[in-house]
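>>> Got a predicted model here, sequence first, then my questions.
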Amino acid sequence: MRRTALAALCIAAAATAGLTGCQPGQDKADSSTSAAGASAESGTPAAKKEAFAGLTGGEIAEQATKATTGASSLRMKGDIPDDESGATISLDVLLNKKGECAGTIGMGGKGKADLIKTGDVVYMKFDEAFLREQSEGESKADTDAAVAMLAGKWTKSKATGEDAKEFEDFCDLGTVLDGADGADSDASRGKAATVDGVPAITLHEKDGKERYTLYVATEGKPYLLRIDSTAGADQGSVAFSDFDEPVPTGKPSGEILDLDALGG
């Protein structure tokens with residue numbers, strides 16, 4: 001399980017790194033993104049106002065970084081290649097700056113694991129496909145025994161334990177976003193877009209052979225809504241949502257298998 005936790009953490013770190021240290025982009029501005037308003041005096045519709053009027057792509061990226069890193073919690077969802085395994089990691093996790101998280105993680109489309117971390121306890125539930133994928137190289141007897149014991153059942157272990165301690169960083173939003181910096185970005189402005197129904201503006205960044213498209217909300221706080229890696233070795237996408245929403249960290253209901261007790 002350690003490989004999966006570390007890989008997911010790298011995804012998050014790589015996603016936020018799309019805001020840092022990038023080289024000059026393409027055209028400076030595209031005025032197609034707009035927001036509708038109304039005249040306070042007459043009550044008649046006012047002329048559409050351009051979102052981020054007068055700002056360069058780099059200045060928008062800086063605002064997006066400030067807003068996103070200022071959130072107390074957020075949801076990360078995406079499908080990203082994993083260099084180590086050659087498979088694709090899928091994650092859908094809500095995490096906060098208290099080190100709590102809840103969601104699902106999958107590898108290569110072969111099953112998933114549900115995850116809840118609260119305090120110093122990590123709860124996980126694995127489906128059969130995930131267990132068999134992660135047991136590659138083990139004997140059939142050992143794999144079948146693990147599936148029979150664990151599949152579809154909630155387990156718990158201390159977050160500081162050997163198989164769970166990596167979640168300490170993965171579930172800490174402050175750690176995940178550490179180092180994100182939009183200052184001095186030369187991102188170029190792109191066209192208007194929407195991400196899950198939220199109006200956005202696209203920004204284009206590049207770093208060597210890597211190419212990124214960033215989507216920044218044009219209504220409310222300028223949160224970073226999605227990053228697409230469109231060229232280079234690690235192409236994929238991570239979306240961000242549910243800013244400042246509480247993480248559902250309640251103890252799972254029903255029987256819970258204590259992995260630390262089994263290992264002791």
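It's in.

>>> And the helices in this structure, which stretches?
Taking DSSP state H, the helices of the chain run over residues 2-17, 57-69, 128-134, 140-150, 167-170, 173-176, 259-263.

>>> so what does the fourth one touch, helix or strand wise?
Applying 3 or more C-beta pairs under 8 Å, 6 or more residues apart in numbering; DSSP states H and E, one finds that helix 140-150 makes contact with helix 128-134. For every residue, glycine as well, the C-beta is placed using N, CA and C.

>>> Which strands or helices does the helix it packs on pack on?
strand 101-107, strand 112-118, helix 140-150.

>>> Next, count neighbours for the closest residue to T218 other than its chain neighbours.
Excluding its sequence neighbours, the residue lying closest to T218 (C-beta to C-beta, 6 or more residues apart in numbering) is A51, at 3.7 Å. Look at A51: counted by other C-beta atoms under 10 Å, it has 21 neighbours.

>>> Would you mind confirming that A51 is in contact with I201?
Yes - using C-beta atoms under 8 Å, A51 is in contact with I201, at 5.8 Å.

>>> Now do the contacts for I256.
Shown in contact with I256 (C-beta atoms under 8 Å, 6 or more residues apart in numbering): 123, 153-156.

>>> Equivalent analysis for A113, please.
Residues near A113 by C-beta under 8 Å, 6+ apart: 1, 4, 104-106, 124-127, 130.

>>> Look up how far A180 lies from R226.
Distance from R226 to A180, counting by C-beta to C-beta, to the nearest Å: 15 Å.

>>> quick one, which of the two is more surrounded?
Neighbour count, other C-beta under 10 Å: between R226 and A180, R226 has more, with 22 against 19.

>>> Specify the beta-bridge partners of that one.
Y215, A239 (DSSP bridges).

>>> And the helices and strands packed on helix 128-134: which comes nearest S237?
The minimum distance between S237 and the helices and strands packed on helix 128-134 falls on strand 101-107, with 15.1 Å, by C-beta to C-beta.

>>> Just the angle for that closest one relative to strand 112-118, thanks.
Here strand 101-107 points in a direction 150 degrees away from that of strand 112-118 (axes from the mean of the first three to the mean of the last three C-alpha atoms, to 10 degrees).

>>> Partner strands of strand 101-107 and their direction?
Per DSSP bridges, strand 101-107 is paired in its sheet with strand 88-96 (antiparallel), strand 112-118 (antiparallel).

>>> The residue positioned nearest the centre of the chain and S241: what is the separation?
A centroid search over the chain (C-alpha atoms, centre = their mean) returns M76, at 2.7 Å, as the residue closest to the centre. M76 sits 9 Å away from S241, taking C-beta to C-beta as the criterion.

>>> Hmm, H204 and A187 touching each other?
Yes - between A187 and H204 there is a contact under C-beta under 8 Å: 6.4 Å.

>>> higher neighbour count, the two?
A187 (31 against 19).

>>> quick one, what contacts the more buried one?
Neighbour list for A187: 22, 25, 56-58, 60-61, 203-205, 214 [criterion: C-beta under 8 Å, 6+ apart].

>>> what does E100 give?
Here E100 is in contact with 117-119, 171, 247, 249 (C-beta under 8 Å, 6+ apart).

>>> And the furthest pair within the residues you listed?
Maximum pairwise distance among these (C-beta to C-beta): 12.0 Å, between G119 and V247.

>>> More neighbours: the two, which one.
Set G119 next to V247 and count neighbours by other C-beta under 10 Å: V247 wins out with 25 against 11.

>>> what about L257, how many neighbours?
So L257, with other C-beta under 10 Å, has 15 neighbours.
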